[in-house]
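Enquirer: Structure for this input, please:
(chains A and B)
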2 protein chains.
Amino acid sequence: MSPHMTPEEFRRHGKQVIDWIADYLAGIESHPVVSQVKPGEIRRALPSRPPEHGEPFEAVLSDLGRILLPGITHWQHPGFFAYFPSNASGPAILGDLLSSGLGVQGMLWVTSPACTELETVVVDWLAGLLGLPDHFRTDGAGGGVIQDSASSACLVALLAALHRAGDGQVTSDGITRRYTMYVSSQTHSSLERAARIAGLGAQGVRVVDVDPRTLAMDPSHLRTLLDRDRAAGAVPAMVCATVGTTSTTAIDPVPAIGEVCAERGVWLHVDAAYAGVAAICPEFRRLNDGVGEYADSYVTNPHKWLLTNFDCTVLWTADRAPLLAALSTLPEYLRNTATTTGSVIDYRDWQVPLGRRFRALKLWSVIRWYGAEGLRAHIRKGVALAQDLASWISADPGFELHEPHPLGLVCFRPRWPGLTAAEADRATLRLMELLNASGSMYVTHTRIGDRVVLRMAVGAAMTERRHVEQAWEHIRWEHAALSGTLPAED
Amino acid sequence: MSPHMTPEEFRRHGKQVIDWIADYLAGIESHPVVSQVKPGEIRRALPSRPPEHGEPFEAVLSDLGRILLPGITHWQHPGFFAYFPSNASGPAILGDLLSSGLGVQGMLWVTSPACTELETVVVDWLAGLLGLPDHFRTDGAGGGVIQDSASSACLVALLAALHRAGDGQVTSDGITRRYTMYVSSQTHSSLERAARIAGLGAQGVRVVDVDPRTLAMDPSHLRTLLDRDRAAGAVPAMVCATVGTTSTTAIDPVPAIGEVCAERGVWLHVDAAYAGVAAICPEFRRLNDGVGEYADSYVTNPHKWLLTNFDCTVLWTADRAPLLAALSTLPEYLRNTATTTGSVIDYRDWQVPLGRRFRALKLWSVIRWYGAEGLRAHIRKGVALAQDLASWISADPGFELHEPHPLGLVCFRPRWPGLTAAEADRATLRLMELLNASGSMYVTHTRIGDRVVLRMAVGAAMTERRHVEQAWEHIRWEHAALSGTLPAED
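Expert: Numbering: from 1, shown residues only, chains lettered A, B, ... in the order given. Got it, this is the predicted structure:
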């Protein structure tokens, strides 16, 4: 007897799972946003040995609700204001389900032509929606590709940049001299990691100064560092400018940075992982300033704010040649007529892994369900709620608002009269812990100028105005209560 | 008005998608295995611009069937014998659906404790099922982690190996001297790619001889190369032994290779991407010979033959310390109490990307639905069918069987009396094209000793004995027909 789930069993259990998810989404506010379990609690509740005999599918669903759900931190909860939003949406989940159901592996064009060609179409669509330059489109010298994360995408960009900077020598001989990469203190940690992975080491990373108020990269300091390194015999390979940093959504001046890069022939990578998708609204199109003129590569994450569940990052490059030269291989067992005639794209040459899911389906499904106007409405709503929140914070003498806050993230600091800076920072972290332990909201923190500040990112699909209002009331109340119990208030 | 899909709309459309997939799986044999579209055909059938207004979900399903399906190569079709199987299964698809529906991002323990702890449990379960050594389990010095692909996993292993070989210098200073990696001509191309990505370059890869008959790596030549490189001042960083190569499922002698690595203090990575899961059957447990004594890292892909849809690779290491040292970063915005107390695992430090899906759900769902005995039955069935196929080929004077064929892959060559080797190779490729154009089967090819051979990998979940019989009859018939039309037969 076959142990496989038949199509009819799949039909039955599939509908149970759909009902489970629909009920979960409808009732998501009944769960605490942040899981309240202790380390090891879930693990201890699970059997230490796998079953010898198969179990009914209902056992999986039952244990999911009973054992795992208390260990879930609910990223789709309307009170989720931590990190950045990681939007799922109905059409994305169903597009992803179709990808799993088809079970194709799109490493080569020939292994499922539709997997490759739909991806080309949707990344070109998205380039158009975001107002990105025509040379990022696949019918020019460049092109876009779906990756799992901005971390992987910036590694791929760095490999292409190294290939170009070393005239191909890095790909053939490896790192045989000092190659350098340029970031700021506000650049995402994945860039340093990419430099470590690519053999530059942490020492190959140069940290450009930022404006102390806006936290944006200083182009003249970049110029100084580039010239100093080159004079010392190093080969500057890549500059990363960020549009919307993870810490505070600071925006590096891409046009000025790009001019420095162009003068010196250095690859400019623009990391717009969070903010880039906002350019779907004409009023935020200025986020792309300088990208068309100067960017060699550009990345944004539909899996953050654009309603496409993880993983779905899009990397574009203005010239795919160095990227392909850095990453292509063609063993005999992958040779096929379509590849060798050069008439098709094989996206496995555009990424670190060989295999690939049919991820274009979920982005296609999202764009079609929402249409451009629906996507714009979602972005605008998040920004509007964040700006309202900022105005409330700004009007409250108990808090200090960080400016600027151009998009959906608001950073702020509670004031703690009478406390030293170190005591106040501890009090802010304590406040954050109490808020997150309450079950009704999740916020995270960062540091600005060495002071702890809270980050509140608005943009979860289910977040309505009332959730932001309630969260703000909760913060004010908890801050007042905590102030009352602190020694300084005695 | 909200543009979002409500939970009730999701319930309705979700059930449509489940029905679509159930019908697709039930009727999969009505499609040609290999898509017959021409390059650009799918792309031209899709609109060049995205919709401005949202569309009903039915439009997505309709276009999927009408436009995309002809461009799909059906990896789950029972006539799919190409590459290696990339099994999906009902419980895997549904586990993946639950992951998409929950929409959690498990980069840190705290961002969903259950995502981390279930992963720890299932990779430990799998280590037990495969008879892997106890020190690969998470409660020892090592541990397992789910990655997207064996390509990424071997890159991570190489980074850990480089960290250890250079006493941490690679992570801090980058590649400042010649580091070398050792493979054979049969090793998967992802290893060379990993060396290029990590800054060793193609020149840092040493190719060890293989036994011309078994295609297994020669440990004494490995010793010679290691000693020669070390004498020349290079630092040997990693040896990759393969258990079941992609080309022919050759098995490198891990115990002898491991002994050489141990004597010389070089990291041994064992790539068992395809074959490793077969060790779930006691009769194939010998695939692990030497792993417990010598392997520093080991990888196998449940997304190939173990019924868990792509992507699901498991990487184990005997010592997680160098891996974490190579990849950890801790920016302020990711700091949290659980991480800083060291009481939890943060799997983002075990991989290239920062973000991660809840992939453990699908592996958990598969192991529970099938149980160990169901998984063993699936592996045994694939091996038995492949061995039957090999016996038919061996008995047919028109064909030459490649030996050995220990698992589910059978390599063979049609004989073409009167043709030169080059003509015969072209005829074999022509035969393959005719078979793949027929719509009833998909086989691929490789080269052994410079001669083209066909690869037929048995192990798709739906493949029954009759499909293998029919495929073999089809090959024989097409070979005879083609032989009759060839000039040499005149």
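
Enquirer: If you count neighbours, what's buried in the helix or strand encompassing residue A:241?
Expert: Following DSSP states H and E, one finds residue A:241 within strand A:235-242. Burial within strand A:235-242, assessed by neighbour count using 16 or more other Cβ atoms under 10 Å in any protein chain shown, is assigned to A:235-242. C-betas here are computed from N, CA, C, even on glycine.

Enquirer: Now do the domain split for chain A, please.
Expert: As assigned by automatic domain parsing, chain A contains the domains A:7-30+A:35-72, A:104-357, A:371-489.

Enquirer: which one of those domains lies closest to chain B?
Expert: Distance to chain B, taken as Cβ to the nearest Cβ, is lowest for domain A:104-357 among the domains of chain A, at 1.9 Å.

Enquirer: any idea of the mean pLDDT in that closest one?
Expert: Domain A:104-357 shows a mean pLDDT of 96.

Enquirer: Now do the end-to-end distance for that domain.
Expert: 7 Å (Cα to Cα, to the nearest Å).

Enquirer: centre of the chain versus that domain, how much separation?
Expert: 14 Å (Cα atoms, centre = their mean, to the nearest Å).

Enquirer: hmm, back to that, which secondary structure elements does the strand holding residue A:241 contact?
Expert: helix A:150-165, strand A:179-184, helix A:219-231, helix A:254-264, strand A:267-271 (3 or more Cβ pairs under 8 Å, 6 or more residues apart in numbering or on different chains; DSSP states H and E).

Enquirer: strands paired with that strand, and their directions?
Expert: Next to strand A:235-242 in the sheet, as set by DSSP bridges, lie strand A:179-184 (parallel), strand A:267-271 (parallel).

Enquirer: Put together JSON lines for those strands, with distance to residue A:446 and mean neighbour count on each row.
Expert: Formatted as JSON lines, those follow (distance: least, Cβ to Cβ, whole Å; neighbours: other Cβ atoms under 10 Å in any protein chain shown):
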{"stretch": "strand A:179-184", "distance to residue A:446": "14", "mean neighbour count": "26"}
{"stretch": "strand A:267-271", "distance to residue A:446": "17", "mean neighbour count": "28"}
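
Enquirer: Of all these, which one is nearest residue B:470?
Expert: Among these, the nearest to residue B:470 by Cβ to Cβ is strand A:267-271 (51.7 Å).

Enquirer: what's downstream of that closest one, the next helix or strand?
Expert: helix A:291-294.

Enquirer: got the contact list for that following helix?
Expert: With Cβ atoms under 8 Å, 6 or more residues apart in numbering or on different chains as the test, helix A:291-294 has contacts from A:132-133, A:135, A:254-255, A:257-259, A:261-262, A:268, A:270, A:298.

Enquirer: C-terminal to it, what's the next element?
Expert: strand A:297-300.

Enquirer: Note down every partner strand of that next one and its orientation.
Expert: Going by DSSP bridges, the partners of strand A:297-300 are strand A:267-271 (parallel), strand A:313-317 (antiparallel).

Enquirer: Give me the angle between the first one and helix A:150-165.
Expert: Read it as strand A:267-271. 170 degrees (axes from the mean of the first three to the mean of the last three Cα atoms, to 10 degrees).

Enquirer: ok, which stretches of chain A are strands?
Expert: Remark: strands assigned in chain A by DSSP state E are A:143-147, A:179-184, A:205-208, A:235-242, A:267-271, A:297-300, A:313-317, A:399-401, A:409-414, A:444-448, A:451-457.

Enquirer: Generate TSV for these, with distance to residue A:155 as supplementary columns.
Expert: Listed next are the strands of chain A as TSV, based on distance: least, Cβ to Cβ, whole Å:
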stretch	distance to residue A:155
strand A:143-147	9
strand A:179-184	11
strand A:205-208	13
strand A:235-242	11
strand A:267-271	10
strand A:297-300	11
strand A:313-317	10
strand A:399-401	35
strand A:409-414	25
strand A:444-448	24
strand A:451-457	25
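
Enquirer: mind checking which of the ones you listed is nearest residue A:340?
Expert: strand A:143-147 (19.7 Å).

Enquirer: and the stretch 251-400 of chain A, which residues reach chain B?
Expert: A:303, A:309-311, A:326-327, A:329-335, A:337-338, A:343-344, A:352-357, A:361, A:364-365, A:367-374, A:377-378 (Cβ under 8 Å from any Cβ of the partner chain).

Enquirer: These in helices, which ones?
Expert: A:303, A:326-327, A:337-338, A:361, A:364-365, A:367-374, A:377-378 (DSSP state H).

Enquirer: Using ChimeraX, make a named selection holding only the buried ones among those.
Expert: Only the buried entries of those go into this ChimeraX selection, using 16+ other Cβ under 10 Å:
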select /A:303,326,327,338,361,364,365,367,368,369,370,371,372,374,377,378
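
Enquirer: give me the number of residues near the closest residue in space to residue A:396 that isn't next to it in sequence?
Expert: Nearest non-adjacent residue to residue A:396, counting by Cβ to Cβ, 6 or more residues apart in numbering or on different chains: residue A:476, 6.9 Å away. If you count neighbours by other Cβ atoms under 10 Å in any protein chain shown, residue A:476 ends up with 16.

Enquirer: Next one: residue A:476, what pLDDT does it get?
Expert: 97.

Enquirer: just the one 4 residues further on next, same as before
Expert: pLDDT, residue A:480: 95.

Enquirer: for it, what are its contacts?
Expert: residue A:398.

Enquirer: got JSON lines for the strands paired with strand A:235-242, with distance to residue A:403 too?
Expert: Below are those laid out as JSON lines (distance: least, Cβ to Cβ, whole Å):
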{"stretch": "strand A:179-184", "distance to residue A:403": "18"}
{"stretch": "strand A:267-271", "distance to residue A:403": "22"}
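
Enquirer: The stretch 51-200 of chain A: helices as residue ranges?
Expert: Assigned by DSSP state H, counting those that start in this stretch, the stretch 51-200 of chain A shows helices spanning A:57-63, A:90-102, A:113-129, A:150-165, A:169-173, A:189-197.

Enquirer: Make TSV out of those helices and add distance to chain B and mean neighbour count.
Expert: As requested, the helices of the stretch 51-200 of chain A are exported to TSV (distance: least, Cβ to the nearest Cβ, whole Å; neighbours: other Cβ atoms under 10 Å in any protein chain shown):
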stretch	distance to chain B	mean neighbour count
helix A:57-63	5	17
helix A:90-102	3	28
helix A:113-129	3	25
helix A:150-165	5	27
helix A:169-173	4	20
helix A:189-197	4	25
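
Enquirer: Residue B:400 is nearest to which of the ones you listed?
Expert: helix A:113-129 (32.9 Å).

Enquirer: Surely residue A:375 and residue A:307 touch.
Expert: Yes. The pair residue A:375 / residue A:307 is scored as a contact, 7.2 Å apart, by Cβ atoms under 8 Å.

Enquirer: Mutual contacts of these two, please.
Expert: Contacts common to residue A:375 and residue A:307, judged by Cβ under 8 Å, 6+ apart, are residue A:366.

Enquirer: what's near enough to touch the closest residue to residue A:264 other than its chain neighbours?
Expert: Distance criterion Cβ to Cβ, 6+ apart; nearest residue to residue A:264, sequence neighbours excluded, is residue A:226 at 5.4 Å. Taking Cβ under 8 Å, 6+ apart as the criterion, residue A:226 is in contact with A:182, A:236, A:239, A:260, A:264, A:266.

Enquirer: Repeat that for residue A:25.
Expert: A:76, B:7, B:10, B:101.

Enquirer: so which of those residues comes closest to residue A:108?
Expert: When these are compared against residue A:108 (criterion: Cβ to Cβ), the nearest one is residue B:101, at 30.5 Å.

Enquirer: so that closest one sits right up against residue A:19, yeah?
Expert: No. Residue B:101 is not in contact with residue A:19 according to Cβ under 8 Å; the separation is 10.8 Å.

Enquirer: So how do I select the buried members of the contacts of helix A:291-294 in PyMOL?
Expert: Buried subset of those, written as a PyMOL selection, criterion 16+ other Cβ under 10 Å:
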select buried, chain A and resi 132+133+135+254+257+258+259+261+268+270+298
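
Enquirer: Pipe the contacts of helix A:291-294 into TSV and attach distance to residue A:90 per row.
Expert: Listed next are the contacts of helix A:291-294 as TSV, based on distance: Cβ to Cβ, whole Å:
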residue	distance to residue A:90
A:132	27
A:133	32
A:135	34
A:254	35
A:255	39
A:257	39
A:258	39
A:259	44
A:261	41
A:262	44
A:268	37
A:270	31
A:298	28
